[in-house]
Each structure stands twice: as C-alpha cells, then as structure tokens.
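In: Here you go, sequence then predicted model.
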Amino acid sequence: MSKWETVIGLEVHVQLSTQSKLFCNCSTAFGLEANSSVCPVCLGMPGVLPVMNRKAVELALLTGLALNCEVQSFSKMDRKNYYYPDLPKNYQVSQFDRPFSAGGWLDIEVKGSLRRIGITRVHLEEDAGKNIHSEKRGCSLVDFNRTGVPLLEIVSEPDLRSPEEAFSYLKSLRQIVRYLEVSDGNMEEGSLRCDANISVRLAGEKNLGTKVELKNLNSFRFIQKALEYEAERQMRICEKGEKVIQETRLFDDSQSKTFSMRTKEEAHDYRYFPEPDLVPFTFSPSDVSRIRELLPELPLDKKKRFMSEFGLPEYDADVLTGEKDTADYYERLISFFSDRKMASNWMMGEWMREMKASNLSLKETSVTPEKFAELLTFIEKGTINTTTGKEVLSEMFKSGASAGRIIQSKGLEQIGDRGELENMVKDVILQNPQTVEDYKSGKKQAFGFFVGQVMKKTKGKANPRIVNEILRELLEGQ
C-alpha cells in the first residue's frame, strides 16, 4: 500500500439541451458554420440586454434535485471578469456565492461497493467561444457560436481517492444527465467537459496538499490517464522533499503527460460582482415541488429494481439500465414476453450487436419491443432454433419485416417431427461407422460431430434438443 493518498475533486461542465442560448434566441445546434449563430446579445454589443432562458433554469434545478442538493430560496447571477479572445464581453455571466443548488451527493459503485461523493454546488453559467489555431494560415481565429450556450457546472467535494473513482463518478454523472434529458452528455461535441483538481498527501493526513488543476479533459480515457500521471508526478516531487506548485496544467495525450499552462487564479482575481442586467431569483417550496415531480427513476434505483422485481443478475441489470431508452425498451419487451432472463440475454447479445451495426437510435429502429417479443416467442416454442433466431433478427433489422413473415417467406420453421429427425440421425450414424466406434471408446467429442452433421443435413432447421435425445438413445443402444 502506498504511503501517499490521492485527493481529487471534479468540476464538470454540462451543456444543457436547450434550443436557444442562455440570454438570446440564437441556436445551440452543433456543427453550424463558424460565427453563423450569433447576435448582438451573445457578442456583447453596447446597449443590449440579456433575457434569461427559463428552460435552462428549470433544467439546472432538476439536475440539482437529482444530485440530492438543496435548492436555494435566493439565487443570483454574477459577472466573472477576465479577458480572453473567445470572451467578447470580457466577462462571463456565472454564479459566485449564490448558486442555484448546493450541498448534495452522488452514490457511485466502485469495485462492487457504494461510495458517496459530496456535491458542493450546481450552478448555471454561459459558455465562451472557441479559439481555432491554424498553423496553415499562421494565425488564430475565433468561432463565437458557442458563446452564450447554457452550461451547468457541477462541482464535487474532494472526496475521490483514485483515478478509477473519478472515472466511475463521471460515468455515473453522465448517465444521470442523460436520464434526466438535460444533456446528451456527448464529450466529442463538447456537451460534457471536465476540469480536475488533484493533490496528494500522506495517508492518514487530514490537511489537503497543494492542488493542481487539470483543464479541458475531453474523454473518460484522457481524464483517467491525466489523473494517473499527475498523481505520480506529485508523489515524486513530495518524495524528494520539494513542494508542489499550485498551477493549471494541460494534458498531452500523445506523450501521456501534463504540462504547465499558468499559475492558478484565485476567486478574487476574477473580481466577481452581481450581474446588474438580471434580477435575482427566488424559489418557493411550491416551485421546488413542481420541478421535483419531473424527476424520473434514476439509474441506480432502476438497476436495484431490475434485480429485485425482475430477478436479474447484477451484471444484466447494470447493462440494461446503462441508458434510459434501453431500460424502457426492456420493460416493454417483458410486458409481451414472460421469460425475463431470456429477454435479457438476447438484448445484451444479438439485439445490442444488431443495434450497433444498424447505427440507428431506438427511436429510429423498426424492431419494436412487440416485434422482438414475437421472435423470442417463436424461439421459446421451438418454431425456430436459436441459430435461426439470430438470422431472423438480423433480417428484421435490415428489412423491418416481422419475425413471422420472415420465417414463413424463407421456410425457416424448425423441424420438430421426431420420426423425420430419427431417420436423418440414423443416416448420419450409418455413414460414419468409425466415429461411432470413437464415441464408444470414450471420445465424447464425437457426439458433437453427429449433431453438427444432422444440423448440416437440415440446413440448421433441426430441433437440437430432439436431435440430442435421439442421438443418445441410438448411440447408447448400440
């Protein structure tokens, strides 16, 4: 066990799923032509006034409640003053001492046990633009399309003790915002970004070490690798008896290293003051109750229910509740098909494989839970076998046709007539006398050869259970 302990706190920025920006009507759509979604308000032109996006406020409160935070009865927006080329107003509208929500927690699963991570605050702010550095042109450009896009900043307590815990926390947080439908959580498009504060201290020490901030970590893999490197770097410094410098560092994935960016700013460096163009917010108990009623069943609760109510193993429940749409699909599927474990197995296997191959969302696929249940019923009743079932499911994804129509049109019904199958098994045995001798001499793998030959003879349509029964009777009887 290391004598050093890692202490991590995360600041996660979540882009809210609103159609317009925080203070104007400009679109928040991703991938638009540079500087095509801007107006005098988000560009900070003189004399313009912001108008708060009501939907963004509601989504912020909903997220705070999902994270067990207390919604503040009084809240306000503040100006965070600093100069940077992608910030046209030379200040960012954020929240300082009166966030929307504070004092919550998030339970995460780490190596089979639950860890409770404190949530310091959940507050709303506007995004900045994007600097584009072009070596080809020999200059830097700025795209202001993101300027004014509503962001939710979720700040954790320094309760995380390893990069693995940080990974689990981020995965759980992303899952929750997707369940709430407050964000798509797409890290590749910048909908979820993370800054990490990390320090090390001697195990058992109460005081925190000097923290270093890691900026703009844009994938789960990068976050874990950056934290692993930075923890080791700080431990090496401390082992030498030197002091860690409080600073902001960037992670270079090509070298798997962090590099110094600048010394760390303190809150007073930003000269926060109340935003004069926006009135403060007051939230009554009835306002909070109205938002709370919008909370769906959250991932961890749903997973526990899938295990207790449906009798699923923990692994199955974890996979099926990973996405809300998937969990909803499964619940509808078992309303038409009673074997819950069989439904789970097929969804986690062939169904997910076909979904990935089709590159369609659940809303786009034509294989509805009703159609899928029909296929599973055919397999359960022995109309078709498992191998044929996989073939039929693949065709369902391609053509959109029902299982019954595909089975009928292709003549895929399983051969279950015992007399017909017995004649085929006898033919296979007669044609392979040496394999019969091998089986009798103890080479049990020869049994699988006979099954394969019968399946080949019937083009995969023989009922394997009946084939196995007949083979045992005939081979043991000889």
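Out: That came through fine. Numbering: from 1, shown residues only.

In: The stretch 201-350 of the chain: helices as residue ranges?
Out: Under the criterion DSSP state H, counting those that start in this stretch, the stretch 201-350 of the chain carries helices at the ranges 220-239, 285-292, 299-310, 314-320, 324-333, 340-346.

In: Summarise which helices and strands the fifth one is packed against.
Out: So that's helix 324-333. With contacts taken as 3 or more C-beta pairs under 8 Å, 6 or more residues apart in numbering; DSSP states H and E, helix 324-333 sits against helix 299-310, helix 314-320, helix 340-346, helix 369-381. (Glycine included, C-beta is placed from N, CA and C.)

In: Likewise for the second one?
Out: If you count contacts as 3+ C-beta pairs under 8 Å, 6+ apart, helix 285-292 packs onto helix 54-66.

In: relative to helix 285-292, how tilted is the helix it packs on?
Out: Here helix 54-66 runs at 80 degrees with respect to helix 285-292, directions being taken by axes from the mean of the first three to the mean of the last three C-alpha atoms, to 10 degrees.

In: And the residue nearest the centre of this structure?
Out: Most central residue of the chain, judged by C-alpha distance to the mean C-alpha position with C-alpha atoms, centre = their mean, is Gln175 at 4.9 Å.

In: my read: that residue touches Gly322, true?
Out: Yes - in this structure Gln175 lies within contact range of Gly322 using C-beta atoms under 8 Å: 7.0 Å.

In: Can you pull the residues that touch both of these two?
Out: With C-beta atoms under 8 Å, 6 or more residues apart in numbering applied, the overlap between the contact sets of Gln175 and Gly322 consists of Pro299.

In: hang on, the earlier thing: for Pro299, see how far away the residue nearest to the centre of the chain is.
Out: Between Gln175 and Pro299 the distance is 5 Å, computed by C-beta to C-beta, to the nearest Å.

In: any shared contact partners between these two?
Out: With contacts taken as C-beta under 8 Å, 6+ apart, Gln175 and Pro299 have Gly322 as neighbours in common.

In: Can I get stretch 161-171 in CSV? Just the C-alpha atoms.
Out: The C-alpha trace of stretch 161-171 is given here as CSV (Å, rounded to 0.1, in the frame of the first residue of the first chain):
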residue,chain,number,x,y,z
ARG,A,161,-9.4,8.9,-3.9
SER,A,162,-8.3,7.5,-7.2
PRO,A,163,-8.5,8.0,-11.0
GLU,A,164,-10.7,4.9,-11.1
GLU,A,165,-13.2,6.5,-8.7
ALA,A,166,-13.1,9.7,-10.8
PHE,A,167,-13.9,7.6,-13.9
SER,A,168,-16.8,5.9,-12.1
TYR,A,169,-18.1,9.3,-10.8
LEU,A,170,-18.0,10.8,-14.3
LYS,A,171,-19.7,7.8,-15.8
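
In: where's the residue lying closest to Asn468 once chain neighbours are set aside relative to Glu109, distance?
Out: Closest residue in space to Asn468, ignoring its immediate chain neighbours: Val451 at 6.6 Å, by C-beta to C-beta, 6 or more residues apart in numbering. In this structure, Val451 and Glu109 are 42 Å apart, going by C-beta to C-beta.

In: cool, and Lys206?
Out: Relative to Glu109, Lys206 is positioned 27 Å away (criterion: C-beta to C-beta).

In: okay, now Pro285: neighbour count?
Out: Other residues within reach of Pro285 by the criterion other C-beta atoms under 10 Å amount to 9.

In: Kindly provide the distance from it to Ile291.
Out: Applying C-beta to C-beta, the value for Pro285 to Ile291 is 11 Å.
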